[in-house]
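Student: Sharing a model prediction with you, sequence too.
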Amino acid sequence: MASLFSTLALANYDTALLGQTGPVLDFNRNFVCKMALEHSATHVCFIDTDMVFPSDTINRLLEISKPVVGVASRKKKLPRQYTIEVDEATGARPIADSELPAAPFCRIGGSPILVGTGIMLIDLQAINTALAKPWFKFETFWNDEEVGYTGEDLYFCRKTWAAGLEVWCDPTIDVKHIGDFEY
């Protein structure tokens, strides 16, 4: 909350705090976007409650001027991994530390990236025109080798790319993911 309040203190744009609690993440994210559209918001910035970030984060994401921009945060697990995946023809794979660019990016080796929604800014006009609803959805799969799911964030990123829009990541923002320690 301290990160969020310091961010709002620097905001040079109108803000509204829209929240939805509950265990069903895809429903929550879709509901927040629906509320934001009903209030004529231009953007939604998802910020999970376990994130710590600089007060200029939203301003910096807005400056990139892309339909979807996230940050290079870490998953809450060891070994350390980013919440960024490279969507290759053979499937998504985690991004390696050595691959992380020093400036905002949308592709690694020509392949599109998928970014977690822990902190993600979405241009509602661009997305609302290009994407069918629901925007966020958990997808389960079951085959001979495994049973699993694709999270609502990766689903959204893939849907955004399929609509002809790009998903960007700003790796220059120092974000921490709170768990047993700051990841």
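Tutor: Good, I have the coordinates.
Student: Now for residue 116: which residues touch it?
Tutor: Counting by CB atoms under 8 Å, 6 or more residues apart in numbering, residue 116 touches 70, 73, 75, 83-84, 151, 153. Any C-beta I mention is one placed from the backbone N, CA and C, and that applies to glycine too.
Student: same thing but at 6 Å, please
Tutor: In this structure, residue 116 makes contact with 83, 153, judged by CB atoms under 6 Å, 6 or more residues apart in numbering.
Student: Give me the distance between it and residue 99.
Tutor: Relative to residue 99, residue 116 is positioned 16 Å away (CB to CB, to the nearest Å).
Student: OK, contacts around the residue nearest the centre of the chain?
Tutor: Here the mean C-alpha position of the chain is nearest to the C-alpha of residue 117 (CA atoms, centre = their mean), at a distance of 2.6 Å. Shown in contact with residue 117 (CB under 6 Å, 6+ apart): 46, 153.
Student: Just say helix, strand or coil for it.
Tutor: Per DSSP: H, G, I helix; E, B strand; the rest coil, the local secondary structure of residue 117 is coil.
Student: Surely residue 58 is in contact with residue 45?
Tutor: Yes: between residue 58 and residue 45 there is a contact under CB atoms under 6 Å: 5.4 Å.
Student: Pick out whichever of these two has more residues nearby.
Tutor: Here residue 58 and residue 45 are set side by side on neighbour count (other CB atoms under 10 Å), and the busier one is residue 58, at 22 against 18.
Student: element containing that one, please.
Tutor: Using DSSP states H and E, residue 58 sits within helix 57-64.
Student: Same check on residue 35?
Tutor: Secondary structure assignment for residue 35, by DSSP H and E: helix 25-38.
Student: which outside residues touch that helix?
Tutor: 18, 20, 22, 44, 124, 134, 136-138, 152.
Student: how far out from the middle of the chain is that helix?
Tutor: Remark: helix 25-38 is offset 14 Å from the chain centroid, using CA atoms, centre = their mean, to the nearest Å.
Student: Just the pLDDT at residue 93, thanks.
Tutor: Residue 93 is assigned a predicted lDDT (pLDDT) of 94.
Student: One more: residue 124?
Tutor: Spelled out, the predicted local distance difference test score at residue 124 is 98.
Student: Could you check how far it is from residue 56?
Tutor: As defined by CB to CB, residue 124 lies at a distance of 22 Å from residue 56.
Student: same question, residue 1
Tutor: Taken as CB to CB, the spacing of residue 1 relative to residue 56 amounts to 17 Å.
Student: List the buried residues in the helix holding residue 58.
Tutor: 57-58, 60-62 (16 or more other CB atoms under 10 Å).
Student: Now do the contacts for residue 110.
Tutor: The contact partners of residue 110, by CB under 6 Å, 6+ apart, come to none.
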